[in-house]
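>>> model this:
(chains A and B)
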There are 2 protein chains.
Amino acid sequence: MTLYLIGIGLCDEKDISVKGLEIVKNARAVYVEQYTNVLQVGVDRLETLYGRKVEIAAREDIEKRGGEIIASARDTDVAILIVGDVFSATTHSDLYLRARQAGVAVHVVHNASVMTAIGATGLSLYKFGKTASVPFYSSEHPVDTPYTILSENLLLGMHTLMLLDLDPKTRRFMTISEAIVELRRMEERKENHIIRDNTLVVGCARLGCPDSRIAFGTLSEIEKIDFGKPPSCLIIPGQMHFMEEDVLRTFNREL
Amino acid sequence: MTLYLIGIGLCDEKDISVKGLEIVKNARAVYVEQYTNVLQVGVDRLETLYGRKVEIAAREDIEKRGGEIIASARDTDVAILIVGDVFSATTHSDLYLRARQAGVAVHVVHNASVMTAIGATGLSLYKFGKTASVPFYSSEHPVDTPYTILSENLLLGMHTLMLLDLDPKTRRFMTISEAIVELRRMEERKENHIIRDNTLVVGCARLGCPDSRIAFGTLSEIEKIDFGKPPSCLIIPGQMHFMEEDVLRTFNREL
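The predicted model follows:
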């Protein structure tokens, strides 16, 4: 039988594909992984649409019980649901690798990801460089990786997507304002002069949802905005084509 | 009313989301754009699932009739279906911009894209740099842009996704072998020594489909493989983490 890794998209229960829904309805066991991202609806809404019990699995559960889950997929169909697309987190790549190495059939059903939903800003997806993750502040372990990635991307005119930290236990999500504070701290430590008050940035929240919000402006302007519910992300554009700027400017009004 | 831009994913009629399907069933007019990519099934299969007439629109049609389509979305719900995710081509960004500028409500329903489906290779999506497009050979206008992008990405250890050209009129799709020939031509012109017989590359075909194929090996090895039906793409990895290589090596067997 088969281990199905099924992306369920960005917003609610209806973002699953018709194909994914058919598989879920017929699988013996259905898990949903909720570490790496968050939907705008609870698991009860998934269960109602699917007509199935869905077990919530923490990242550690999937890591610890991976062998067991893979073994069970030898005899039955097992579905693991993943918010967004399937391969945005190493946990799932690891599961995929272990299943492939064990000779268990793995079938992937892809879905929307924040990594292409950012196309709604008008910025060309082809021109993004490496993706950065901004972690919560730690005085013991200050992290400059996002700043280094941004510096390198800017050097080549590439746009930079910054994904913001979350703590699954406390359900705390980093806001765009908090991320900007972290970037300012990195600027103080590294002094490449790439994070300034007038640096143009794009703040995005709930991409893929009807109440998504995109705002384009200077760092100081965007820092003051309350984007509401998570998840959110921050983009720092590199060199822009005039058409990219034209689309972005339509998001100025929201300031 | 609303202009809906709806991604329909990578493989067949069942890759549309449950939400997208509901919108299509209720829209007054439904268009599908078939320039930028290709599904594995014909429009008849879409029509059967949707229970609706679907009008095929060439890229030029959408560009020429954009104003008319946007105007019609003032009074009725209009759906434009796009293979993959919505913002992979400038045509759709342009339509989105014009609708936003005209004050017409635009709603985007995201879906899977080749740009994240490549996660199935094991390569980390966070470590990809700019995306390159390899055009068909023209002796009058030789193009080196993909080679330049690759050089820059490699400099920073980034992976490079290369999308391959297609001619929508003749339904001709560039194969991975043809793309490698083009890259060798660019190497002869530019001589950065980044395209060699033993350069490690990943060939992918029909990502997101049950018969998808991924093969990892040297340029000379991958060049000899017949990947079958389109679409296909080529990836040139930059610096790899051992886990990325572990997953990639499971695709060695297919050589």
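>>> rest of the way, CA atoms for contacts and neighbours
Noted.
>>> so for the one helix or strand residue A:133 maps to, what's the average pLDDT?
Using DSSP states H and E, the element containing residue A:133 is strand A:132-134. Averaged across strand A:132-134, pLDDT comes to 97.
>>> Next: stretch A:194-206.
Across stretch A:194-206, pLDDT averages out at 97.
>>> can you check stretch A:169-178 too?
Stretch A:169-178 shows a mean pLDDT of 92.
>>> Centre of the chain to that stretch, how far?
Distance of stretch A:169-178 from the chain centroid (Cα atoms, centre = their mean, to the nearest Å) equals 13 Å.
>>> end-to-end on that stretch?
Using Cα to Cα, to the nearest Å, one end of stretch A:169-178 lies 19 Å from the other.
>>> who touches it?
If you take Cα atoms under 8 Å, 6 or more residues apart in numbering or on different chains as the criterion, stretch A:169-178 is touched by A:136, A:164-167, A:203, A:222-225, A:227, A:230-234.
>>> Only whichever of those residues are buried, select them in ChimeraX.
Burial among the contacts of stretch A:169-178 is assessed by 16 or more other Cα atoms under 10 Å in any protein chain shown; the matching ChimeraX selection reads:
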select /A:136,164,165,166,203,222,223,227,230,231,232,233,234
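>>> So which of the contacts of stretch A:169-178 is the closest to residue A:151?
residue A:234 (15.2 Å; Cα to Cα).
>>> these two touch, right, that closest one and residue A:159?
No - assessed by Cα atoms under 8 Å, residue A:234 is found out of contact with residue A:159, at 10.8 Å.
>>> on that earlier part again, quick one: is the strand holding residue A:133 near chain B?
Yes - contact of strand A:132-134 with chain B (Cα under 8 Å from any Cα of the partner chain) involves residue A:132.
>>> what's the distance between residue A:235 and residue B:251?
34 Å.
>>> out of those two, which sits in the busier spot?
Between residue A:235 and residue B:251, residue A:235 has the larger neighbour count (other Cα atoms under 10 Å in any protein chain shown), namely 22 against 19.
>>> Run through who's touching the helix or strand where that one lies.
When elements are assigned from DSSP H and E, residue A:235 belongs to strand A:232-236. Contact partners of strand A:232-236, identified using Cα under 8 Å, 6+ apart, comprise A:150, A:159-164, A:174-176, A:200-207.
>>> Kindly recompute the last result at 6 Å.
Strand A:232-236 has contacts (Cα atoms under 6 Å, 6 or more residues apart in numbering or on different chains) with A:159, A:160, A:161, A:162, A:163, A:164, A:201, A:202, A:203, A:204, A:205.
>>> need the next SSE after it, C-terminal direction.
Sequence order places helix A:242-249 as the next helix or strand after strand A:232-236, per DSSP H and E.
>>> so for that next one, what's the average pLDDT?
For helix A:242-249, mean pLDDT is 94.
>>> Residue A:130: what secondary structure?
coil (DSSP: H, G, I helix; E, B strand; the rest coil).
>>> Counting neighbours, which bits of the lengthiest helix in chain A end up buried?
Using DSSP state H to assign secondary structure, the helix with the most residues in chain A is helix A:176-190. Buried residues in helix A:176-190, counted by 16+ other Cα under 10 Å: A:176, A:177, A:178, A:179, A:180, A:182, A:183, A:184, A:185, A:186, A:187.
>>> returning to what we had before: okay, now the sheet partners of the strand holding residue A:235, with direction.
strand A:160-164 (antiparallel), strand A:200-205 (antiparallel) (DSSP bridges).
>>> For the longest one, what is the distance to the chain centroid?
Relative to the centre of its chain, strand A:200-205 is centred 15 Å away, using Cα atoms, centre = their mean.
>>> and for the very next helix or strand once past that strand, what are the contacting residues?
Where DSSP H and E defines the elements, the next helix or strand beyond strand A:200-205 is strand A:213-218. With Cα under 6 Å, 6+ apart as the test, strand A:213-218 has contacts from A:198, A:199, A:200, A:201, A:202, A:203, A:204, A:205, A:251, A:252.
>>> let's see it at 8 Å
Residues contacting strand A:213-218 (Cα under 8 Å, 6+ apart): A:121, A:197-207, A:222, A:227, A:248-249, A:251-252, A:254-255.
>>> Span of stretch A:215-231 from start to end?
One end of stretch A:215-231 sits 15 Å from the other (Cα to Cα).
>>> cool, and stretch A:120-128?
In stretch A:120-128, first residue to last residue: 14 Å (Cα to Cα).
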